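In: I'd like to go over a predicted model; first the sequence, then the structure.
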Amino acid sequence: EETGKGGYEHYMLKEIESQPTSLTNTIKGRVSPESGSVDLDALTPETISEFREVQFVACGTSYHAALYGSTLLNEAGVRARAYRASEYQMGSDPVTDETLVVAVTQSGETADTLGAMRRASRGGATVLAVTNVMGSSAARAADETVYIHAGPEIGVAATKTFSSQTVTLGLLAHRLSEHMGGEDRGEPLDLALDALADLPDDLGRMLDGSDAERITNRYLGSDAYFFIGRGLGYPVAKESALKFKEITYEHAEGFASGELKHGPLALVTPRTPVFAVFTGEHDEKTLKNAKEAQTRGADVVAVAEEGHPAVDATDAHLPIPDTAPQWAGLLANVQLQLVSYHAANELGRSIDKPRNLAKSVTVE
Ligand code: G6P
């Protein structure tokens, strides 16, 4: 039954709604809020202390998870950057034996990502794969592997694996920040372990009470759909727009909130709703940017906790449970997965197998 539709019309909705379980499996045995410990069975402290920087390589949704991971590492003062695997291969920043390259790939079979891993290995880097599939090509090619344990994902559009990737990369970022930099290292990344342990229940409650379908229906027929966010909300905005375009075939874009005024604002009209992600960090600035869109006549949908100042200032609200800023983006992303799903369903799209797309792309 794990790979059947289990009464759902689409695998995608089943996979969205299975996230309380898949996230539980991702976290299981790795996090103990009582003792404050995080356990990830990869890379010894001695090995980690040799690294000077972290480079993430990934494609599509996995790239957005990598961006989330690199942002968390940067917050802990660790030098880290996420690259699109296809561009990384062209020879971006130098790779040395003090570089850790983290390949993020759900399937473990994406040709662009495997190519980036080869470039990293040739440069002398240590290569770690973060994947969902045991024994995949990425797992075999990497020096070490960490599994996200999300279970099989059938829908072409990645949903539950994004959530499991972001949590796994959070755990990895904690471990790296604990040991990188030797004597000079700072405080390890704060993962808000209580909030992390509560995520599966939070998700369950949010999914049960979600109003995403009703709000989505209000905006069907728009000219385009924009998603904005800042900090950890930025990868979520990018991912939500990717999901929307993949399965609805409508025009959608994700922007860093602060970039809206540097160009994209020219596209904003009363016929382009803007979904704004509020994570509990830098929110005043994002709200200011959202209001700039409202002034041009666009409706703004705030994805934010109940009682957030953005709720009264905007046109619609998709609530997320109270949580730590580290994890608010993950919850917001799931509300926006539902927005994409309901829009695509209303438009009668081929949700589990969108046109022109494949679950894993084995050509460069
Ligand atoms: C394809 C899929 C995307 C996926 C990307 C990377 O383009 O359609 O959903 O995000 O590949 O896949 P990976 O298996 O490497 O995470």
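Out: Ah, there it is. Residues are numbered from 1 along each chain as shown.

In: Surely residue 134 and residue 147 touch.
Out: Yes - Residue 134 is in contact with residue 147 according to CB atoms under 8 Å; the separation is 6.8 Å. Backbone N, C-alpha and C define where each C-beta goes, glycine included.

In: Of these two, which one has the most company?
Out: Legend: neighbour count by other CB atoms under 10 Å for residue 134 and residue 147, higher for residue 147 (20 against 10).

In: Double-check the more buried one against residue 132; I have them as touching.
Out: Yes - Residue 147 lies in contact with residue 132 (CB under 8 Å); the separation is 6.9 Å.

In: And the residue of the stretch 151-300 of the chain that's closest to the ligand?
Out: Relative to the ligand, the nearest point of the stretch 151-300 of the chain is residue 158 (4.3 Å; CB to the nearest ligand atom).

In: who's in contact with that residue?
Out: Neighbour list for residue 158: 60, 61, 62, 106 [criterion: CB atoms under 8 Å, 6 or more residues apart in numbering].

In: Could you rerun that using 7 Å?
Out: By CB atoms under 7 Å, 6 or more residues apart in numbering, the residues touching residue 158 are 61, 106.

In: Start the count at 38 instead of 1 going forward.
Out: Happy to do that; since the first residue is 38 now, the last one works out to residue 195.

In: how much space between it and residue 187?
Out: Per CB to CB, to the nearest Å, residue 195 is found 9 Å from residue 187.

In: and what of residue 132?
Out: 29 Å.

In: same deal with residue 206?
Out: Look at residue 206 and residue 187: by CB to CB, they are 13 Å apart.

In: residue ranges with poor pLDDT in the stretch 288-401 of the chain?
Out: The stretch 288-401 of the chain contains no residues with pLDDT under 70.

In: Spell out which parts of the protein neighbour the ligand.
Out: With CB under 6 Å from any ligand atom as the criterion, the chain meets the ligand at residues 96-99, 142-144, 147, 150, 193-195, 394-398.

In: Point me to the residue of the stretch 88-237 of the chain nearest the ligand.
Out: Closest approach of the stretch 88-237 of the chain to the ligand (CB to the nearest ligand atom) occurs at residue 97, with a separation of 2.7 Å.

In: How many residues are close by that residue?
Out: By the criterion of other CB under 10 Å, residue 97 has 23 neighbours.

In: Confirm residue 166 sits in a helix?
Out: No - secondary structure assignment (DSSP: H, G, I helix; E, B strand; the rest coil) places residue 166 in strand, not in a helix.

In: Tell me if residue 323 really is in a helix.
Out: Yes - secondary structure of residue 323 (three-state DSSP): part of a helix.

In: ok, it to residue 386 distance?
Out: The gap separating residue 323 from residue 386 is 30 Å, by CB to CB.

In: out of those two, which sits in the busier spot?
Out: Applying other CB under 10 Å to residue 323 and residue 386 shows that residue 323 carries more neighbours, namely 28 against 19.

In: residues in contact with the nearest residue in space to that one that is not next to it in sequence?
Out: The shortest distance from residue 323 to any non-neighbouring residue, by CB to CB, 6 or more residues apart in numbering, is to residue 294 (4.4 Å). Applying CB under 7 Å, 6+ apart to residue 294 gives the contacts 265, 266, 267, 322, 323, 326.
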